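*Asks:* this is a predicted model, with the sequence first.
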Amino acid sequence: MKKVNLYLQSLFYVFAGVNHFINPEFYYPLIPDYLDDLSGFINIFSGVGEVFLGISLLIPKLRKRAAYGIVLMLIAFVPSHIYFIQTGSCIDNSLCVDEWIGWVRLVVIHPLLIRWAWSVRDFA
């Protein structure tokens, strides 16, 4: 079961990272206005980071560092989640959901993703 967890997490981050390149217009509006000048860089950096960390989870020598990297990356994404809530959980021509879903993403799903990354750090 641990191997399935590891492979699922790796695929999750690789696909999420690739999506930054396939569908960048989805991510740009989620980047806070005060980082607007860096939105292209942030999107590319996030995509490359997610792909790299997802693949690194599959390499035993890199797994622990990859898991820590995912935790740090998820913490770095918190301002984006807060920004999304501040905008009323609705970005014009992009993602638009009920505000409670924005809160669930920040308060429930995000910590679960951090816990998920933490769970594979010592898997041999």
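*Replies:* Now that the structure is in, tell me what you want to look at. Numbers count the residues shown, from 1 in each chain.

*Asks:* specify the local secondary structure of residue 122.
*Replies:* Judged by DSSP: H, G, I helix; E, B strand; the rest coil, the three-state class of residue 122 is coil.

*Asks:* that one and residue 68 touch, don't they?
*Replies:* No. Between residue 122 and residue 68 there is no contact, the gap being 11.3 Å when judged by C-beta atoms under 8 Å. C-betas here are computed from N, CA, C, even on glycine.

*Asks:* mean confidence score for the lengthiest helix in the chain?
*Replies:* Counting residues, the longest helix found in the chain (DSSP state H) is helix 2-22. The average pLDDT within helix 2-22 is 95.

*Asks:* repeat for stretch 71-91
*Replies:* 90.

*Asks:* then that stretch to CSV, C-alphas only?
*Replies:* Backbone C-alpha positions of stretch 71-91 (Å, rounded to 0.1, in the frame of the first residue of the first chain) are rendered in CSV as follows:
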residue,chain,number,x,y,z
VAL,A,71,6.0,20.5,2.0
LEU,A,72,7.9,23.8,1.5
MET,A,73,6.3,24.3,-1.9
LEU,A,74,2.8,23.8,-0.4
ILE,A,75,3.6,26.3,2.3
ALA,A,76,4.8,28.7,-0.4
PHE,A,77,1.4,28.3,-2.1
VAL,A,78,-0.6,29.4,1.0
PRO,A,79,-0.6,33.1,-0.1
SER,A,80,-2.3,32.1,-3.3
HIS,A,81,-5.0,30.3,-1.4
ILE,A,82,-5.5,33.3,0.9
TYR,A,83,-5.6,35.6,-2.1
PHE,A,84,-8.2,33.3,-3.7
ILE,A,85,-10.4,33.6,-0.6
GLN,A,86,-9.9,37.4,-0.5
THR,A,87,-11.2,37.6,-4.1
GLY,A,88,-14.4,35.9,-3.0
SER,A,89,-13.2,32.5,-4.3
CYS,A,90,-14.0,33.7,-7.8
ILE,A,91,-11.4,34.7,-10.4
